[in-house]
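Enquirer: quick one, what's the 3D model for this:
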Amino acid sequence: MKPVCVLGNGQLGRMLRQAGEPLGIAVYPVGLDAEPEAVPYQQSVITAEIERWPETALTRELATHNAFVNRDIFPRLADRLTQKQLLDQLGLATAPWQLLADVAEWPQVFSQVGELAIVKRRVGGYDGRGQWRLRSGEENTLPQDCYGECIVEQGINFSGEVSLVGARGHDGKTVFYPLTHNLHQDGILRTSVALPQPDTALQQQAESMLSAIMNELKYVGVMAMECFVVSEGLLINELAPRVHNSGHWTQNGASYSQFEMHLRAILGLPLPKPVVSTPSVMVNLIGTDVSEKWLSLPLVNLHWYEKDVRPGRKVGHLNLNDASASLLKDNLNALVPMLPEEYASGIEWAVEKL
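Expert: Residues are numbered from 1 along each chain as shown. Next up is the predicted model:
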């Protein structure tokens, strides 16, 4: 099988490499500043763990590589303006939004979106960065360089957040995992719960939406779609053209993981529907040092990224899954005193979802 080069050498590239090893697929995550001659890209399939990148010697070389899968799709989805325009073009439901071009637009903005406006940088913002929640009278707190470089959305009163992780092959076939329920705090994903029997109507709606997006783009590989749950169904919040944090539970909770699914799709390997037979919980480890105590619990699977621990930084995650919801709850409750107190509410939320 052809080797795979991953543009970006963070934790997603690392986990793609790990997923390739049992299949005999050589996966090379490479830093953006790598020298082209040091990267075995000539005979490789190229993918990326990030949506946007600066111009470097390597990215200039890869920009003309005919085996760079989804190469021209990344910039379209990395810009929230062109991403929203795509969703509007396809008639897919999102929060009301517009480009925020000038400070004089604020009266019209609030008349359209209501009392709460969510401002997001068009490119680069993630994990709560590059985003502002503003009410009328708070406009002056927004940096001046946001105008023309941000979109503004209506703040949505949602009952929950879910994501759908799926993939499309070169032949147009699509496969999906069950919807994942997500809890965010300060814009960062803290905890995810996946159930083997999701809500049928929401699952069907989500699969129809994501299929329409991937087919329109002729996308190949794994894509994630984050949605708000409202009374009418789903509103699409954001798209990620890559493996995604909310799909990490698949490493231990599915017959094959999102990382293997992505490799299968881009390499043209068989892409069967993954089997999910047990509930799963993923707990993000954020700015927390590794602890051997977690391993004393029988259902805990530790995935440590070997990164320097800093406040607000994702440094690993814990996966737990079992056919017995009660045993899963017992392990989650036992985990609470082994973690800093800020994890307690997320774990309590997960226990209630099971």
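Enquirer: now stretch 194-211 - C-alpha only, CSV.
Expert: Taking Å, rounded to 0.1, in the frame of the first residue of the first chain, the C-alpha atoms of stretch 194-211 are listed here in CSV:
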residue,chain,number,x,y,z
ALA,A,194,-21.6,8.1,22.0
LEU,A,195,-24.5,5.6,22.2
PRO,A,196,-24.9,2.6,19.9
GLN,A,197,-28.5,3.4,19.3
PRO,A,198,-28.8,7.1,18.6
ASP,A,199,-31.9,9.1,18.0
THR,A,200,-33.1,7.8,14.6
ALA,A,201,-34.5,11.1,13.3
LEU,A,202,-31.5,13.1,14.2
GLN,A,203,-29.1,10.5,12.9
GLN,A,204,-30.9,10.4,9.6
GLN,A,205,-31.0,14.2,9.3
ALA,A,206,-27.3,14.5,10.2
GLU,A,207,-26.2,11.8,7.7
SER,A,208,-28.3,13.5,5.0
MET,A,209,-26.6,16.9,5.7
LEU,A,210,-23.1,15.6,5.8
SER,A,211,-23.6,13.4,2.7
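Enquirer: name the nearest residue to residue 233, ignoring sequence neighbours.
Expert: Leaving out its chain neighbours, the residue that sits closest to residue 233 by Cβ to Cβ, 6 or more residues apart in numbering is residue 205, at 5.3 Å. Any C-beta I mention is one placed from the backbone N, CA and C, and that applies to glycine too.
Enquirer: next: residue 246.
Expert: Per Cβ to Cβ, 6+ apart, closest to residue 246 is residue 163, 4.2 Å.
Enquirer: that neighbour contacts residue 249, correct?
Expert: No. Using Cβ atoms under 8 Å, residue 163 is not in contact with residue 249, being 10.8 Å away.
Enquirer: which residues do these two both contact?
Expert: Each of 180, 192 lies in contact with both residue 163 and residue 249 under the rule Cβ atoms under 8 Å, 6 or more residues apart in numbering.
Enquirer: neighbour-wise, which of these two wins?
Expert: For residue 163 and residue 249, the more surrounded residue by other Cβ atoms under 10 Å is residue 249, and the numbers stand at 28 against 25.
Enquirer: which ones are touching the more buried one?
Expert: Contact criterion Cβ under 8 Å, 6+ apart gives 180, 192, 194, 280-282, 319, 321 as the residues in contact with residue 249.
Enquirer: can you lay out these as TSV showing neighbour count, secondary structure and distance to residue 149?
Expert: Shown next, in TSV, are these (neighbours: other Cβ atoms under 10 Å; DSSP: H, G, I helix; E, B strand; the rest coil; distance: Cβ to Cβ, whole Å):
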residue	neighbour count	secondary structure	distance to residue 149
180	27	strand	31
192	27	strand	31
194	28	strand	35
280	29	strand	38
281	28	strand	37
282	29	strand	33
319	20	strand	37
321	23	strand	41
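Enquirer: got TSV for the residues you listed, with pLDDT and distance to residue 304 too?
Expert: Formatted as TSV, the entries for these read as follows, by pLDDT from 0 to 100; distance: Cβ to Cβ, whole Å:
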residue	pLDDT	distance to residue 304
180	97	21
192	97	18
194	97	21
280	97	18
281	98	17
282	98	14
319	98	12
321	97	18
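Enquirer: just the closest of those residues to residue 232, please.
Expert: Within these, the smallest distance to residue 232 is 20.5 Å, found for residue 180 (Cβ to Cβ).
Enquirer: the closest one contacts residue 246, correct?
Expert: Yes. In terms of Cβ under 8 Å, residue 180 counts as a neighbour of residue 246; the distance is 4.8 Å.
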